[in-house]
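here is my input; please provide its structure:
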Amino acid sequence: MTMEPLKRLMDRLKRPPRGLEGAAFWMAVQFFVLGLFRLGNSEWNGLFAVLQVLTAITFFGVGIPLALRFIRARLLWSLRRRLVLTYLLFGLTPVVLGVTLVSVFGYFAAGQFAIHLVDSRLLAGRDRLAGQNGNRFGRMLQAAGLQPGGVKGQDLVASLPDDNTGSSLDEMRATLLHRQSRLFLDGVMVGVSQNSADASSVRTPLGLPPWAATLPDGRFAGLVLDGNELYLVAINQEKMADNRVLSLLTSVEVDEHLMELVAEGLGRAELFAVSTSPTPTAETPEGQVKRKEQSTRRGRPDSVSGGAAPPPLNVADIQVRFLSTLRLTNWDTGAVDSIPIRVDSRPSLLYGQLFGGSLAGVITSAYRIALIVLIVVFALLELLALYLAVRLGRTITGSVADLYDATQSIDRGDFSHRIKVKGVDQLSELGRSFNAMTGSLQRLLVEQKEKERLQNELSIAQEVQANLFPHADCDLANLQLHGVCRPARSVSGDYYDFILFHSEANLTGKLRTESGVGIALGDISGKGISAALLMATLHSAVRAYRFASEEVLYAKDAVSGLTVSREEVGEDAGELFQSPGRILSLLNRHLYRSTQPEKYATLFLAHYDARTSWMTYSNAGQLPPLVLSRDGSIRRLDKGGTVVGLMDGMSYEEDGFQMSSGDIMVAYSDGVTEPENDFGDFGEDRLMEVVARYRDEPLHVISAQVMLALDAWIGADEQPDDITLVLARQV
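Next comes the predicted model:
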């Protein structure tokens, strides 16, 4: 079992793939070989790495079309998979897009709300700090007895109020913050006050920058960035009587304690003390001190954070991180800048901050229950839609699978296979139509087999009938004969025959010359098999009367008459055929008594005497043959009677004439003269015109020209009737 994959790999290597598969295969081999080369410590490892990257890029470029081909040919070959993919594209894609859009929108909205809460709390702290600083600045001025525009600057430090008082909750929480107040006179610090006993733990902005030495409206409050430290700063200024500027600066360091208060109820908030623009060092009277203090603060972290995210309330209460920026003032330059801020929170916290105490109300509970019910209803509707989609998909794929199995059965030759149809939809109708088509095919195959059987029988009948016609022209010394029959179908109902008679024959002698010939031309009523069978009957009867005459004339008894040979007949054997009218009477009686009443035949019989060139004939309803003389005159051979086989007891007249040298007798069936086109029938005139034009040509040439003229006259239409033509020319 362990050697089987190796054998398959070796077989694969013996027969490497071609095309895209081959390219991908050799790219993979090359990538693997380059990886082996890189295992060794060589100076070529860099080149091998580059080649490996290029090989990987080429492999992916070739692999993507292969993957698409595989997906299209294998994964998506099944209709079920195509429908599943279609349902996903049409059903799940809008849901995914909608959920994604709502999630992204909710994420940004929640992020902006969280950032807004942090910013609002910082602004609230700034405003509270500005208010406290303004109040203290006013109390300071009142305590020192100073009036705007006319005060002295002595004893200002002693009049700075204590900052460790407060009664409200916010003020008590504010005392936990590291806050410091500094009093400046014309930008020079003249007093310090702080709310912490440990002065080393209090950090404030390093001096009063030039931009803040003289404020346009006498006050400033905001978030400032001093180096890599953040502060909430409030400044109040007043110009004294001696034109000196008195400034009170109160600052609160943005540290972990402040961030804990800011992030309370939100999770975790973090400010990055990284300016988006460079901050040049300000030149102040205390520049030396500032540079010294900056050197001691370089080891501080670049961010300050506070708060922590509580555990989730449920699975959906995931921790989400939001990023944004906060506006602040660069302490050195006074320019407005921004710093990054990050808030890690949870949806439940933001939801609680948004709705607050209203979450515990009765109406809110009703809304919550209604929302839950709506979600459940939507989920049930989605499940119902999924169920209906699966049922519909199974119906479609089941019908297609049944059709596929049915086609496979039909391909194997099982035409008895039927699809089980239960529904009343279009797919069910398709199955019923397929069953009907299969039944029709089954019947058609049976009919085709029957048709083939009949065709085989027709072929046999055609072969038998071909043997009934003369195999070659029976020319006499002074008479040329030629006949042709072209059936309209597989077999013909027309009939023609040449029957030779011999002279100077006895019981011991041998046949030397022909004394005459019998000519027969007939047209059986109808077409096809029935006409061919009657034609065979007529042919057999004519031949039987011919040989019966030999038996009657030369046999001493019935047995010897049946065994006598053709060489033993004499010239009197044609005596019966010398009377065509008598033969027609016998044939009429025979056909009338042996065939159905509606079956009959037209028949022309003639006997030609080779010694005297005398032609004796009788015509039983056949189109009169025409004799074209050398001088161009035409004789019609119309003596005789009615058709044979229709009525019993009929007699037929006979007539005769002398055949002269060059005379041509033209006997034909109605298939020669009756074909029609837009100009009418082909007719006797056109027939004799063709014969007269080629009268000196061999008889087979004359018949061929007649056939060509008929084909041109009929055109692309089907041959309407059997065409039979017999020619006899006196030499």
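
with adjacent residues omitted, what lies nearest to G218?
The shortest distance from G218 to any non-neighbouring residue, by C-beta to C-beta, 6 or more residues apart in numbering, is to Q237 (4.6 Å). Every residue, glycine included, has its C-beta placed from N, CA and C.

elements contacting the helix or strand harbouring the one you found?
Q237 belongs to strand 229-239 when elements are defined using DSSP states H and E. On a contact count with 3 or more C-beta pairs under 8 Å, 6 or more residues apart in numbering; DSSP states H and E, strand 229-239 meets helix 93-143, strand 219-226, strand 245-253.

ok, which of the ones you listed comes nearest A712?
Of all the helices and strands packed on strand 229-239, the one in closest proximity to A712, counting by C-beta to C-beta, is helix 93-143 (70.9 Å).

and the closest one, how far out from the chain's middle?
Offset of helix 93-143 from its chain centre (C-alpha atoms, centre = their mean, to the nearest Å): 56 Å.

next: stretch 384-403.
19 Å.

can you tell me what sits against that stretch?
With contact meaning C-beta atoms under 8 Å, 6 or more residues apart in numbering, stretch 384-403 is reached by 78-80, 83-84, 87, 91, 419-420, 423, 425, 427-428, 430-431, 434.

swap in 7 Å and give it another go.
With C-beta atoms under 7 Å, 6 or more residues apart in numbering as the test, stretch 384-403 has contacts from 79-80, 83-84, 87, 91, 419, 427, 430-431, 434.

and what of stretch 107-117?
266, 320, 322, 324, 341, 343, 345, 347, 350, 353-354.

before we move on, what about stretch 373-380?
Around stretch 373-380, nothing counts as a contact under C-beta under 7 Å, 6+ apart.

can I assume L591 sits in a strand?
No - counting by DSSP: H, G, I helix; E, B strand; the rest coil, L591 is located in no strand; its state is helix.

can you give me the helices for the stretch 401-550 of the chain?
Assigned by DSSP state H, counting those that start in this stretch, the stretch 401-550 of the chain shows helices spanning 426-468, 528-554.

dump those helices to TSV, plus mean neighbour count.
Formatted as TSV, the helices of the stretch 401-550 of the chain follow (neighbours: other C-beta atoms under 10 Å):
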stretch	mean neighbour count
helix 426-468	13
helix 528-554	18
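
and these as CSV, adding distance to L521 and mean pLDDT?
Shown next, in CSV, are the helices of the stretch 401-550 of the chain (distance: least, C-beta to C-beta, whole Å; pLDDT from 0 to 100):
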stretch, distance to L521, mean pLDDT
helix 426-468, 14, 84
helix 528-554, 11, 71
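
select, out of the ones you listed, the one closest to F682.
That would be, of those and by C-beta to C-beta, helix 528-554, which comes in at 21.4 Å.

show me the contacts of stretch 107-117 that map onto helices.
Using DSSP state H, the subset of the contacts of stretch 107-117 located in helices is 347, 350, 353-354.

how about the helices in the stretch 151-300 of the chain?
169-174, 210-213, 256-262, 287-297.

domain parsing for the chain?
Using automatic domain parsing, the domain parsing of the chain gives 17-77, 115-357, 361-465, 469-668+721-730.

pick the most buried one from those.
Ranked by mean neighbour count, the domains of the chain are led by domain 469-668+721-730 with a mean of 19 (mean count of other C-beta atoms under 10 Å).

now that domain, how far from the centre of its chain.
In terms of C-alpha atoms, centre = their mean, the gap separating the centre of domain 469-668+721-730 from the centre of its chain is 72 Å.

likewise stretch 236-252?
That offset, for stretch 236-252, works out to 83 Å (C-alpha atoms, centre = their mean).

just the CA trace of it, in CSV.
Extracted as CSV, the C-alpha positions of stretch 236-252 are listed here (Å, rounded to 0.1, in the frame of the first residue of the first chain):
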residue,chain,number,x,y,z
ASN,A,236,-6.0,83.0,32.1
GLN,A,237,-4.3,86.4,31.5
GLU,A,238,-4.8,89.9,32.8
LYS,A,239,-2.9,93.1,31.9
MET,A,240,-1.9,95.2,34.9
ALA,A,241,-1.6,98.9,35.3
ASP,A,242,2.1,98.9,34.6
ASN,A,243,1.4,97.0,31.3
ARG,A,244,2.8,93.8,32.6
VAL,A,245,0.9,90.6,31.8
LEU,A,246,-0.2,88.4,34.6
SER,A,247,-0.9,84.7,33.6
LEU,A,248,-2.2,81.8,35.6
LEU,A,249,-1.5,78.4,34.0
THR,A,250,-3.1,75.3,35.4
SER,A,251,-2.2,71.9,33.9
VAL,A,252,-3.2,68.3,34.4
